[in-house]
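[1] how does the following fold in three dimensions:
(one chain, ligands or ions: 1)
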Amino acid sequence: MSAHRGPVIRCVCCGRTGNHAARGLVDACYARHKKHDTLHRFRRRYQVVADTVEEYAFLSELGLDDTQIAARLGISGDALKYALGRAA
Ligand SMILES: [Zn+2]
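    Numbering: from 1, shown residues only. Predicted structure coming up:
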């Protein structure tokens with residue numbers, strides 16, 4: 001547990017602590033909900049730029065393009081560009 005990429009949080013779905021992926025979920029849960037297409041259950045109330053960037057990186061690694069990622073995040077392509085531009 002010495003190396004971690006992001007903030008350590010308590011997962012909103014299982015209560016375990018771990019590295020935050022996005023939407024209040026730890027990496028393992030984010031991956032599981034992504035796989036089962038249940039991420040919508042954890043849609044954020046706030047669109048946080050840092051979270052958008054983290055989620056973008058995660059989805060980009062999975063091979064999604066910007067349009068698909070924006071759809072996954074529930075935001076427009078312009079909003080995605082805005083978030084990425086601001087965080088750059
Ligand atoms: Zn969990």
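[2] would you mind finding the longest helix in this protein?
    If you go by DSSP state H, the chain has its longest helix at helix 49-61.
[3] how far out from the middle of the chain is it?
    Remark: helix 49-61 is offset 5 Å from the chain centroid, using Cα atoms, centre = their mean, to the nearest Å.
[4] ditto for stretch 21-29
    Averaging C-alpha positions (Cα atoms, centre = their mean) puts stretch 21-29 7 Å from its chain's average.
[5] again with stretch 73-85
    13 Å.
[6] for it, buried residues please.
    Buried positions in stretch 73-85, judged by neighbour count with 16 or more other Cβ atoms under 10 Å: Leu73, Ile75, Leu80, Ala83, Leu84. (C-beta placed from N, C-alpha, C; glycine too.)
[7] show me the contacts for the first one.
    Residues touching Leu73, when contacts are defined by Cβ atoms under 8 Å, 6 or more residues apart in numbering, comprise Thr52, Glu55, Tyr56, Leu59, Leu80.
[8] nearest spatial neighbour of the fourth one, skipping sequence neighbours?
    Counting by Cβ to Cβ, 6 or more residues apart in numbering, Leu59 lies nearest to Ile69, which is 4.6 Å off, once chain neighbours are set aside.
[9] also the second one?
    Ranked by Cβ to Cβ, 6+ apart and with sequence neighbours excluded, the top spatial neighbour of Glu55 is Ala22, at 4.0 Å.
[10] what is the neighbour count of the one you found?
    The tally of other residues near Ala22 (other Cβ atoms under 10 Å) stands at 26.
[11] one more: the one 10 residues further on?
    Other residues near Arg32 number 15, with proximity taken as other Cβ under 10 Å.
[12] next up, identify which helix or strand it is on.
    Using DSSP states H and E, Arg32 sits within helix 27-35.
[13] now swap in Ala71 and tell me
    Here Ala71 is assigned to helix 66-73, by DSSP H and E.
[14] just how off-centre is the next helix or strand after that helix within its chain?
    Sequence order places helix 77-87 as the next helix or strand after helix 66-73, per DSSP H and E. Centroid separation between helix 77-87 and its chain, computed with Cα atoms, centre = their mean, is 14 Å.
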